[in-house]
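Trainee: fold the following, please.
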Amino acid sequence: MSLRVFVIAGETSGDFLAARLLAALSERRGPLVLDGIGGPELTQLGLESRFPMEELALVGVAEVLPHLPRLIGRVGATCRAIRETRPDLVLSVDAPAFSLRVQARIGDVGAPRVHYVAPQAWAWRPGRAAQLAHIVDRVLFVLPFEEAFFERYGVQGVEVGHPLVERVPALPAYADRRRGDGPPLICLLPGSRRTELRRHLPLLEATVALLGERYGGLRAVLPTLPHLAPDVRDAVASWPVPVRVVGPEERFAAYAEADLALAASGTVGLELALARLPAVIFYRTSPLTAFLARRLIRVSHVSLINLIAGQGVVPELLQERASPDALAGAGAALLDDPGAWRQQVDALDGVARALGAGDIPPSERAAEAVDRLLAEREAPTS
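Mentor: Residues are numbered from 1 along each chain as shown. All right, here's what the predicted structure looks like:
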């Protein structure tokens, strides 16, 4: 009989992670019957999403509040669907504000409850780690320092490595990248949410204008999602530096070609580490979200690259520090100093290896962990 999986993926990265895990699990368990919430990657595996995944792709207090009533309704409807369908496995991926609320409210539905990508309790609100032990049966950790942290709070989990290592192709080709003598090519990564684009595109426009004055012939490439591409192309059409807008399938080629990335903080930073592309990390959010974050965050770095390395490998320019002058200055410091540029490439190589690059594919390790949990539940009790 086919394994019935109720899956919850809240944004593009979660859709990818869930699809890779479930494809690997299908190789172990045979065809799966999928239900739940997801995007195009899960759709290719046969999921008909109960509502658009994009409804969950919200970040920050100010951004979430206007949508709160609808999200609360979606939580209730999702819980009812799980109780009614009685799946063999409930798998939630990232999007903790939504998915862990669902996992907490469904209680014991007779199926293992797995959460993939732990909430960042190590960064803020560590009390969430203790709560997690009572909400799910297993957590699949993707960062190398998480298992030891959550174990202190009684959370059962397995470090599986970061699935992005399966997504960045031809790693050896990136390792020998050299900063050339010609005009630089800058990879611009403003984020994948419309709120991020509204805040970050004007900042990047002013930044590349400054860099364009410094480096004659400067060019830029901006990978984005298909549904955002028309608006992004319109926005960059009048910029003082030519910007080539490409789709997600072309972004790794852009990483290979570029000399430097200016990237919004997030998972994309790990892609840059795996591509060994030197970067400057920035982020702007609403004043309310920034105010709360400064009082809650307990880590010395925001970028995942720096957290994994345990040091400031990439410059971080956040909120009011994320100015055009500061971004252009940090970028120029790397472009003008081959030693600093190479030092960051070498440090990124260390981060890539810590993420599991060159090891067993993380999706296979994640599928093995889920398969083991299912086998434990299926074993007859004496």
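Trainee: packing partners of the strand or helix carrying D349?
Mentor: Counting by DSSP states H and E, the element that carries D349 is helix 338-354. Where contact means 3 or more CB pairs under 8 Å, 6 or more residues apart in numbering; DSSP states H and E, helix 338-354 is packed against helix 268-275, helix 304-309, helix 324-335. C-betas here are computed from N, CA, C, even on glycine.
Trainee: tell me how far the helix or strand following that helix is from the chain's mean position?
Mentor: As assigned by DSSP H and E, the chain's next helix or strand after helix 338-354 is helix 362-378. Distance of helix 362-378 from the chain centroid (CA atoms, centre = their mean, to the nearest Å) equals 22 Å.
Trainee: buried residues, helix 362-378. List them.
Mentor: P362, S363, E364, R365, A366, A367, E368, A369, V370, D371, L373, L374 (16 or more other CB atoms under 10 Å).
Trainee: check which helix or strand the residue lying closest to the third one once chain neighbours are set aside maps to.
Mentor: This means E364. Closest residue to E364 apart from its sequence neighbours, by CB to CB, 6 or more residues apart in numbering: A24 at 5.0 Å. A24 belongs to helix 12-29 when assigned by DSSP H and E.
Trainee: pull that helix out as CSV, backbone CA atoms only.
Mentor: In CSV, the C-alpha atoms belonging to helix 12-29 read as follows (Å, rounded to 0.1, in the frame of the first residue of the first chain):
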residue,chain,number,x,y,z
THR,A,12,10.4,28.2,-2.6
SER,A,13,13.3,26.7,-0.6
GLY,A,14,11.0,24.5,1.4
ASP,A,15,9.3,23.3,-1.7
PHE,A,16,12.7,22.2,-3.1
LEU,A,17,13.8,20.5,0.2
ALA,A,18,10.5,18.6,0.6
ALA,A,19,10.5,17.4,-3.0
ARG,A,20,14.1,16.1,-2.8
LEU,A,21,13.4,14.3,0.5
LEU,A,22,10.2,12.7,-0.8
ALA,A,23,11.8,11.7,-4.1
ALA,A,24,14.5,9.9,-2.1
LEU,A,25,11.9,8.4,0.3
SER,A,26,9.9,7.1,-2.7
GLU,A,27,13.0,5.2,-3.9
ARG,A,28,12.9,3.4,-0.5
ARG,A,29,9.2,3.0,0.0
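Trainee: tell me which residues of that helix come out buried.
Mentor: 12-26, 29.
Trainee: so after the lowest-mean-pLDDT helix or strand in the chain, what's the next helix or strand?
Mentor: Lowest on mean pLDDT, DSSP states H and E among the helices and strands of the chain sits helix 61-64, with a mean of 46. Downstream of helix 61-64, the next assigned helix or strand under DSSP H and E is helix 68-85.
Trainee: packing partners of the helix or strand following that following helix?
Mentor: Using DSSP H and E, the helix or strand that follows helix 68-85 in sequence is strand 89-93. Strand 89-93 makes packing contacts with strand 3-9, helix 12-29, helix 96-106, strand 113-116, helix 362-378 when contacts are defined by 3+ CB pairs under 8 Å, 6+ apart.
Trainee: in the following helix or strand past the fourth one, what's buried?
Mentor: This means strand 113-116. Downstream of strand 113-116, the first helix or strand assigned by DSSP H and E is helix 127-135. Of all the residues in helix 127-135, those buried under the rule 16+ other CB under 10 Å are R128, A129, L132, A133, I135.
Trainee: can you redo the residues you listed as JSON lines with pLDDT?
Mentor: Converted to JSON lines, the buried residues of helix 127-135 look like this (pLDDT from 0 to 100):
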{"residue": "R128", "pLDDT": "77"}
{"residue": "A129", "pLDDT": "85"}
{"residue": "L132", "pLDDT": "90"}
{"residue": "A133", "pLDDT": "90"}
{"residue": "I135", "pLDDT": "93"}
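Trainee: looking at these, spot the one nearest L211.
Mentor: Using CB to CB, R128 comes nearest to L211 of the buried residues of helix 127-135, at 40.1 Å.
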